[in-house]
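J.: Sequence plus the predicted model coming up.
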Amino acid sequence: MKRLTKTVLTVLAVMVLAFALVLAGCSGETVSVKDIRKTSSGTDGDVYTIYYTDGTSSTITLAGTADEVTAQELYEYYKEVYNEDLTYDEFLKKYLAEPTDNASVIGACLQPAVKIYTEFVEKTTMEDWMSGNRKENKVALYTGSGVLYQMQDDYTYIITNYHVVYDANVASANGGNMARKIICYLYGSEGTYSSQGMDSDGLAVYDYGAYGIECEYVGGSISNDIAVIRAKTEDITAINPEATTAEFASEYHVGETAIAIGNPEGEGISVTEGIVSVDNEYINLQIDNVVRSYRSLRIDTAIYGGNSGGGLFNLKGELIGITNAGNTTDQNINYAVPLEIAKGTADNILHYYFGNGENVGYGIKLGVQVVSQNSKYVYDKASGYGTIEEEIVVDSVNSGSIAKSMALELNDVLKTLNIRTKSGETREVELNRNFNISDAILTIRAGDTISFSIVRGGETTVSAEYTVKESDLVELDTLYTSNKA
């Protein structure tokens, strides 16, 4: 059964207000809810604005974290309160259905979209008829996309692909392989570059105009193809005071609408729409000189060069991934970094950046190898979506490993990964696919206590707990070159 979060609980509260208006009438007119949007967040909770069909609006504040509720429970509550002869399907279509017109959703998704230019100083080999080949440096200019993710008083943090800001062919004199300059433009305030001649080293100089916002590299993971850059918040709000960040969804499903917003071919921010074709697929990419396998979300949404780093949104305007690759030989086969990896990596990078100024993320190696068994497709008629579910079974445990300390054994079936943070917050990660473990590792920090709920010999039990130490942490790009678990 699909679980509905506190946003839907707010909708329920608003529905009650709206229904009261409908039943009571207002000067003989029927008034109902036209739209509901979260307009701000504060210490007292999230503030939602309710827009009514008569042109008026009101607000409601949802404080704290509400318990989750199913759509079926909302339906039963509605029947109890209003005694209306309405079927469950009619209720879903009337009050909880996705909008059929995507224009308003797309309009909101354009707000956090950015166009990116990156400058690199690359080594080039030139033909010289007098002395043979000669090497020199030149400025290479590339385009990409990004999404505003966190906006703070001083800086705004932007998610993009690692390969947008990294170039394996950068000259060593440039201080590594990262872009020497990163410029972004907000949607609606886009510009382009103009040549300003050469500098004293004979390298091209470009001007990006009044709308160009200078950014700097924060950190990233080549193994997950996610990078975080930042710009001064005052530079962003000076151009558009209404600029806002995007929010990640909690899930995605095959068949769900997938809206890509990016900078195809460097021609400016634009929108394409398709569906999620495959919810989990591994593809090979070579960002540097190493071929790596990347877990990906396959879409039939059209994307092109320059879309890299752009947002992939659902019909609620929530991010379900970051577009990063396309199939050049087959039409309608394109890819995105799925939300668990994109968000997990970005949050991981920012955690260590804020903590100690490092530009790499960290994870832990559990030291357990798992296999998948009894894989099957499970369709939920109530939600209209299905998922693939499988049993995650322990195949081997490394001696001296974290998994050994947790007393995991051969043939244990792993059901959930339980995480308790240093502050006492708890969360339970369901393990329905083998990659759920590696995704969850992105969210584990030193000081967190972890355990597994397992089935052993037909009996349900819980493994021993383990508290993660600083010495357990491994750089993400080192961790992902080996077994992810």
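T.: Looks like it arrived, so ask away.
J.: Please, which helix or strand holds residue 234?
T.: For residue 234, the host element (DSSP states H and E) is helix 233-239.
J.: Check which helices and strands that helix sits against.
T.: Judged by 3 or more Cβ pairs under 8 Å, 6 or more residues apart in numbering; DSSP states H and E, helix 233-239 is in contact with strand 134-151, strand 155-160, strand 213-221. The C-beta positions use only the backbone N, C-alpha and C, and glycine is treated the same way.
J.: Tell me which strands the longest one pairs with, and in which orientation.
T.: In this case it means strand 134-151. Using DSSP bridges, the strands paired with strand 134-151 are strand 113-126 (antiparallel), strand 155-160 (antiparallel).
J.: what is the orientation angle of the helix or strand following the helix holding residue 234 with strand 113-126?
T.: Next helix or strand after helix 233-239 toward the C-terminus (DSSP H and E): strand 257-262. Counting by axes from the mean of the first three to the mean of the last three Cα atoms, to 10 degrees, strand 257-262 lies at 50 degrees to strand 113-126.
J.: Quick one: residues in contact with strand 257-262.
T.: 98, 102, 105-106, 109-110, 113, 144-145, 269-276, 299-303, 306-315, 320-321, 323, 334, 336 (Cβ atoms under 8 Å, 6 or more residues apart in numbering).
J.: And it, how far out from the chain middle?
T.: 13 Å (Cα atoms, centre = their mean, to the nearest Å).
J.: Output it as CSV, restricted to C-alpha atoms.
T.: In CSV, the C-alpha atoms belonging to strand 257-262 read as follows (Å, rounded to 0.1, in the frame of the first residue of the first chain):
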residue,chain,number,x,y,z
THR,A,257,6.1,10.8,-15.9
ALA,A,258,9.7,11.9,-16.1
ILE,A,259,10.3,15.6,-17.0
ALA,A,260,13.9,16.6,-17.9
ILE,A,261,15.0,20.2,-17.6
GLY,A,262,18.4,21.1,-18.8
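J.: quick one: average pLDDT of the next helix or strand after it?
T.: Later in the chain than strand 257-262, the nearest helix or strand by DSSP H and E is strand 270-286. Over the span of strand 270-286, the pLDDT mean works out to 94.
J.: do the same with stretch 114-123
T.: Stretch 114-123 comes out at a mean pLDDT of 91.
J.: What residues of that stretch count as buried?
T.: Neighbour counts over stretch 114-123 (16 or more other Cβ atoms under 10 Å) mark 114, 115, 116, 117, 118, 119, 120, 121, 122 as buried.
J.: so which of the strands paired with strand 134-151 comes closest to residue 254?
T.: Closest of the strands paired with strand 134-151 to residue 254 is strand 155-160, at 23.7 Å (criterion: Cβ to Cβ).
J.: List of residues touching that closest one?
T.: 114, 116, 144-151, 184, 215, 218, 226-233, 236, 243, 245, 308-309, 322, 342, 346, 350.
J.: And the pLDDT for the spatially most central residue of the chain?
T.: By Cα atoms, centre = their mean, the chain has its centre lying nearest to residue 339, at 3.7 Å. For residue 339, the model assigns a pLDDT of 96.
J.: With distance to residue 441 added, can I get the strands paired with strand 134-151 in TSV?
T.: Listed next are these as TSV, based on distance: least, Cβ to Cβ, whole Å:
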stretch	distance to residue 441
strand 113-126	29
strand 155-160	19
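J.: just to revisit the earlier point, now for the residue nearest to the centre of the chain: which residues touch it?
T.: With Cβ under 8 Å, 6+ apart, residue 339 has these contacts: 248, 249, 252, 319, 320, 321.
J.: try residue 243
T.: With Cβ under 8 Å, 6+ apart, residue 243 has these contacts: 111, 112, 148, 151, 156, 186, 236, 237.
J.: Quick check: closest non-adjacent residue to the fourth one.
T.: To tie it back to what came earlier, the one meant is residue 151. Nearest residue to residue 151, sequence neighbours excluded (Cβ to Cβ, 6 or more residues apart in numbering): residue 245, at 5.1 Å.
J.: what sits against the one you found?
T.: Contacts of residue 245 (Cβ under 8 Å, 6+ apart): 112, 148, 149, 150, 151, 156.
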